[in-house]
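[1] Following is a predicted model, sequence given first.
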Amino acid sequence: MKKLRFISFVPGILWFLLVLVLICLPKSDLPPLEGWGALLEKIHFDKWVHAGIFGVLALLFYIPFARTNISKSEKNKIFAIITFLAMGWGFTTECIQIYIPGRSFDIADWAADSFGIVLIWVYAYKTWIRN
């Protein structure tokens, strides 16, 4: 069995920290949506960004376990735990933003976070568990 090593989790940990930094930025520090802003707003671009950021987060924590020889049922349990923890982190980030100037709690952002996580879970399930 391939052993899990701390180094395998470094990309996920760094991404987690990057997400923390990004959600703590005041709105005034974010680039303005000029020109393309109306189009991006129309297609809810920010929600796709949320889905992508949190999908990548989950994936970076699935990968170390996917590369081991643990049973598919164990991987499935671990992936489920990671999925729910990532969703919990998405909710927590929304709660944190209540205290950041110009930011607020947005349930639609959390839904987008969760959507991205679930999409990646489906990919991970089909790739590393079902096959």
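    That came through fine. Predicted, not measured: the structure shown is a model, and the values here were computed from it.

[2] can you pull the buried residues of the helix or strand Asp109 falls within?
    Under the criterion of DSSP states H and E, Asp109 resides in helix 107-124. For helix 107-124, the neighbour count (16 or more other Cβ atoms under 10 Å) marks 109-110, 112-121, 124 as buried. C-beta coordinates here come from the backbone N, C-alpha and C atoms, glycine included.

[3] do the same with stretch 95-105
    Those buried within stretch 95-105 under the rule 16+ other Cβ under 10 Å are Gln97, Arg103.

[4] mind starting the numbering at 52 from now?
    Got it, first residue is 52 now, which makes that one stretch 146-156.

[5] what does that stretch rub up against?
    Applying Cβ atoms under 8 Å, 6 or more residues apart in numbering, the contact partners of stretch 146-156 are Ile74, Cys75, Leu76, Pro77, Lys78, Ser79, Glu145, Asp157.

[6] what's the average pLDDT for that stretch?
    Taken as a whole, stretch 146-156 carries a mean pLDDT of 95.

[7] Now do it: distance to the chain's middle.
    From the chain centre to the centre of stretch 146-156 is a distance of 18 Å (Cα atoms, centre = their mean, to the nearest Å).

[8] From start to finish, how long is it in a straight line?
    6 Å (Cα to Cα, to the nearest Å).

[9] can you pick the most crowded of the contacts of stretch 146-156?
    Glu145 (20 neighbours; other Cβ atoms under 10 Å).

[10] any idea which residue sits dead centre in the chain?
    Among the residues of the chain, Phe105 comes closest to the average C-alpha position under Cα atoms, centre = their mean, at 1.4 Å.

[11] So it sits against Ala137, correct?
    Yes: the criterion here is Cβ atoms under 8 Å, and Phe105 meets it with Ala137 at 6.1 Å.

[12] Now for those two: what residues contact both?
    What both Phe105 and Ala137 touch, as defined by Cβ under 8 Å, 6+ apart, is the set Asp164, Ile168.

[13] Tabulate the contacts of stretch 146-156 in JSON lines, adding columns for distance to Ile94 and secondary structure.
    Putting those into JSON lines (distance: Cβ to Cβ, whole Å; DSSP: H, G, I helix; E, B strand; the rest coil) gives the following:
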{"residue": "Ile74", "distance to Ile94": "22", "secondary structure": "helix"}
{"residue": "Cys75", "distance to Ile94": "26", "secondary structure": "coil"}
{"residue": "Leu76", "distance to Ile94": "23", "secondary structure": "coil"}
{"residue": "Pro77", "distance to Ile94": "25", "secondary structure": "coil"}
{"residue": "Lys78", "distance to Ile94": "20", "secondary structure": "helix"}
{"residue": "Ser79", "distance to Ile94": "24", "secondary structure": "helix"}
{"residue": "Glu145", "distance to Ile94": "21", "secondary structure": "helix"}
{"residue": "Asp157", "distance to Ile94": "17", "secondary structure": "coil"}
